[in-house]
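> Okay, sequence plus prediction incoming.
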There are 2 protein chains.
Amino acid sequence: MSQTPSPGPAGSSQLIRQLNAQRVLHCMWGREPSTATELMHATGLTRATILTLCRDLTEQGWLQVSENSRQAGQYTKGRPALRYAFREDACHVIGVDAGLHQVTAAVANLRGVEIGCATRPSNPQGSDAPLQPAPERRRTILDTIDAALAQAGLTHADVACLVIAVPAPVDCSGHSPKGLNEFWSLMNPELITLGAEHGWDCAVDNDANLAALAELDLASGAAEDSFAVILSGERLGAGIVMDGSLLHQSRGGIGELGMLDLVQGVESSNGLGWWARHLAREALKQAPGHSGPLGAATPEEVTSEHVFAAAEQGDRLALEIMDQLADRLARICVVLAGLLDLDRILVSGAIAPALTDVAARAKHKLTQYLYAPWLRIEASALGADAVRRGAIRLAVDRIKDQALPGGPAA
Amino acid sequence: MSQTPSPGPAGSSQLIRQLNAQRVLHCMWGREPSTATELMHATGLTRATILTLCRDLTEQGWLQVSENSRQAGQYTKGRPALRYAFREDACHVIGVDAGLHQVTAAVANLRGVEIGCATRPSNPQGSDAPLQPAPERRRTILDTIDAALAQAGLTHADVACLVIAVPAPVDCSGHSPKGLNEFWSLMNPELITLGAEHGWDCAVDNDANLAALAELDLASGAAEDSFAVILSGERLGAGIVMDGSLLHQSRGGIGELGMLDLVQGVESSNGLGWWARHLAREALKQAPGHSGPLGAATPEEVTSEHVFAAAEQGDRLALEIMDQLADRLARICVVLAGLLDLDRILVSGAIAPALTDVAARAKHKLTQYLYAPWLRIEASALGADAVRRGAIRLAVDRIKDQALPGGPAA
DNA sequence: CGGATTAAATATAGAGTCTTAATATAAGCA
DNA sequence: TGCTTATATTAAGACTCTATATTTAATCCG
């Protein structure tokens, strides 16, 4: 009997190390360089511990020592502190907005800053051709990704995570309902498998959900707020954030707005863009010789852009249409905010910039249906970028959450 | 230089101990007695650790050693294992359903089993008197609690937590909106302060939310499911569970159904009980000499119970009313399930037992508005007990979550 | 230019936790 | 009584964090 002292990991002692490392990394994620003293205040840990953790994180590639030790520091006396900086280029992510008509891919660093972006058409607007078959759509997406990578000057090996947004419901494992709706299958032809080809972590999600994540990113700090983001182009879709986290369950059908068929004054889940065009067409048919700016277009060629532009110029017909859009929006907001007691509702998507007034008017109209003085209704500042930015945000979050096990090397 | 070795807690090492103790306790909460070996498998910890933790928990009063060491164990050879049992009587909780017309209080042990229950009238039904003022309502509630305690043979000191359910929205700190709606203020006259009088932990929440918690309790195991519970007596209210956790945000207005005013075929947030009475009254006025069982009541005295009973006996008018209720319910379900992609919707409250058929018929009618074959619509088996059971569940959960710091001694 | 001052980094000891392995204990069984 | 079996107890090892003392790297000032 004697010395088999025994090796082996001493159990869950390391767990606490992992947790603290993650805590330190999260404190520094995307922020300015920090000194140990700052991190001590932020985490409550001791200097010795902090410095050990920072050394480890530096070895793993998450941090680097930053040289400007004294400049940024407030003090001028004493030994200058080491400053560790978050390495925003430790690895990169790709966010893709795979819309119906076009695909946009962006390469971003861990701060979420885009350093490469590319767009490719897909099912060109106005064309009557059948939708792109699955293999072609997959190829379009991969091409767009490669173009974005090329612009960023990076290779496949530099990427750690890929997130793709599609206009379809997506379940928690990245698939869309099969056999039910051909459109959904063609929008999301098993895109979840695209990541595996290069060994990337990969996620697919609904476009409205990701737009909501993008807004959450902007509102950082207000972890308590609850809001919905409405994507409002051709078809309506919504993403819902409650208490600072995105609602999502296994089937992924949250925010599908088919039930609006039953709401008075809405009666369909067509988007505000669709309604603008539709109402303009009807109005022009009824008043063929309309003299305002909107009259420049024929009923057949008129688009939502025409309506918004004409309304800017004070066209009476266009303003009437805007008012109807506001009423529709108000009713939609009543349903969402009434049921879920939201703090705000954001209208997003490509046409959002044109809807600032509509949102304000909807807020006004809403008071006749619902008492909710705290509710804000606004057009998103992100507009057409929202979905892509949300995809990037999710990708960065995934890296952040899985961070520790082994460093950023994919 | 020398021996000032230093005392002081060695920082966050104890944290891991806390976490493990909590883990072990949660493994045993409400379950059959366990041996160390079983807990080792459940938690992944070592025998030595488990036994230390169990000894500590026993000292604190959460566990006790159970004597039947060998009986329950599958094995017959070897040294018999120690068996530790969860002490369901370590402390007790009180759940109160403070409804409009009556107040029910129940005393329960940590397993949630009721060992005392009492009911008192409050704002008696049918009376035209103004609502009870705040002090009187508070006294009624305290009286009911004392009666329940007396029945259980316990004193104030045996209680650790009090949860009160009220028919009003309740924010995260237990208050209801002030000045907005006199009814809400009278239903929840700062009831959150009632706990402080005896030093109990205390929470107040909306009745529909708590009914949802009660259903969640029944469905234990299915942590993935999402559902809504609709309380459907006089006024509608809903509690929503997503992915196994109750939705709740700071203002507490989730599940308020005022927005149903805008839904076609619903047009109000009156409950199914209200509608049954209202439709019966109208029908009897239109057909004064109605020969079926429903005709036994005059239009003035008819109640929803009359309608349900008459429908049981095949009364034609009553059946038509039931069909209209089903249509209403179907439309409500479309809105809730369509927006939130729920797995099931439960109709609860005192009249739930009479609504089994209505729920089934609503499920059938719903298919014309919404594709959701996975959706179940059912009448809750808990009926009038749902709210009170949810209050108990929340109280037990609060104890469970705050458990460790110092033992069950309040 | 060298010492005083200052604030941070490093080194060392201490306390706490878990695991591992060895040892002791309490039964049944032959 | 002794063997087998399964558990409880104990002691040693590894790892973590904290707390204190010591060293280091700068500035300031005479």
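Yep, that arrived.
> in chain A, which segments are predicted with low confidence?
For chain A, the stretches with pLDDT under 70 are A:1-12, A:68-74, A:221-222, A:404-407, A:409-410.
> Quick check: can you list the domain ranges of it?
Per automatic domain parsing, the domain ranges recorded for chain A read A:13-86, A:92-218+A:387-402, A:227-383.
> Can the longest one be said to contact chain B?
So the one you mean is domain A:227-383. Yes - residues of domain A:227-383 contacting chain B under Cβ under 8 Å from any Cβ of the partner chain: A:238, A:242-243, A:247-259, A:261-265, A:331, A:334-336, A:338-341, A:369-371, A:374. For the C-beta atoms, the positions are set from N, CA and C on the backbone; glycine is no exception.
> Please report the residue range of the longest helix in chain A.
helix A:316-340 (DSSP state H).
> any idea where the helices of the stretch 251-400 of chain A begin and end?
For the stretch 251-400 of chain A, the helices defined by DSSP state H, counting those that start in this stretch occupy A:272-286, A:304-312, A:316-340, A:356-366, A:386-402.
> Let me have the ones you listed in JSON lines, extended by distance to residue B:151.
JSON lines is the format used below for the helices of the stretch 251-400 of chain A (distance: least, Cβ to Cβ, whole Å):
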{"stretch": "helix A:272-286", "distance to residue B:151": "60"}
{"stretch": "helix A:304-312", "distance to residue B:151": "68"}
{"stretch": "helix A:316-340", "distance to residue B:151": "39"}
{"stretch": "helix A:356-366", "distance to residue B:151": "50"}
{"stretch": "helix A:386-402", "distance to residue B:151": "50"}
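> Nearest to residue B:32 among those helices would be which one?
helix A:386-402 (36.3 Å; Cβ to Cβ).
> quick revisit: how about the longest helix of chain A: buried residues?
Under the neighbour-count criterion of 16 or more other Cβ atoms under 10 Å in any protein chain shown, helix A:316-340 has A:317-319, A:321-340 buried.
> Over to residue A:118. Which of the three states is it?
Three-state assignment for residue A:118 (DSSP: H, G, I helix; E, B strand; the rest coil): strand.
> Now do the same contact list for the closest residue in space to it that isn't next to it in sequence.
Spatially, and ignoring its direct neighbours in sequence, residue A:118 is nearest to residue A:147 (3.5 Å; Cβ to Cβ, 6 or more residues apart in numbering or on different chains). Residue A:147 is in contact with A:105, A:118, A:120, counting by Cβ atoms under 8 Å, 6 or more residues apart in numbering or on different chains.
> what about residue A:147, which helix or strand?
helix A:134-152 (DSSP states H and E).
> By neighbour count, which of the contacts of residue A:147 wins?
residue A:105 (28 neighbours; other Cβ atoms under 10 Å in any protein chain shown).
> Please settle this for me: is that one part of a strand?
Yes - under three-state DSSP, residue A:105 falls within a strand.
> Could you give the bridge partners of it?
Residues in a beta bridge with residue A:105, per DSSP bridges, are residue A:96, residue A:118.
> Please look at it and residue A:93 and confirm they touch.
No - if you go by Cβ atoms under 8 Å, residue A:105 and residue A:93 don't touch, sitting 11.0 Å apart.
> about what we covered before: for DNA strand D, see how far away the residue nearest to residue A:118 is.
The spacing between residue A:147 and DNA strand D, counted by Cβ to the nearest atom of the strand, to the nearest Å, is 44 Å.
> go on, residue A:19?
Residue A:19 is 8 Å from DNA strand D, by Cβ to the nearest atom of the strand.
> And for that residue, the neighbour number?
Residue A:19 has 14 neighbours, counted by other Cβ under 10 Å.
> Need the contact partners of the one helix or strand it maps to.
Here residue A:19, judged by DSSP H and E, is contained in helix A:13-28. Helix A:13-28 is contacted by residues A:34, A:39, A:42-43, A:45, A:49-50, A:53-54, A:56-57, A:62-63, A:84-86, A:400, A:403-404, B:12-13, B:15-16 when judged by Cβ under 8 Å, 6+ apart.
> Return the residues in contact with the closest residue in space to residue A:217 that isn't next to it in sequence.
Using Cβ to Cβ, 6+ apart and skipping the chain neighbours, the partner closest in space to residue A:217 is residue A:393 (4.7 Å). Contacts for residue A:393 (Cβ under 8 Å, 6+ apart) come out as A:95, A:112, A:210, A:213, A:214, A:216, A:217.
> Tell me how far residue A:393 lies from DNA strand C.
32 Å.
> Against residue A:154, how distant is that residue?
Residue A:393 is 19 Å from residue A:154, where distance means Cβ to Cβ, to the nearest Å.
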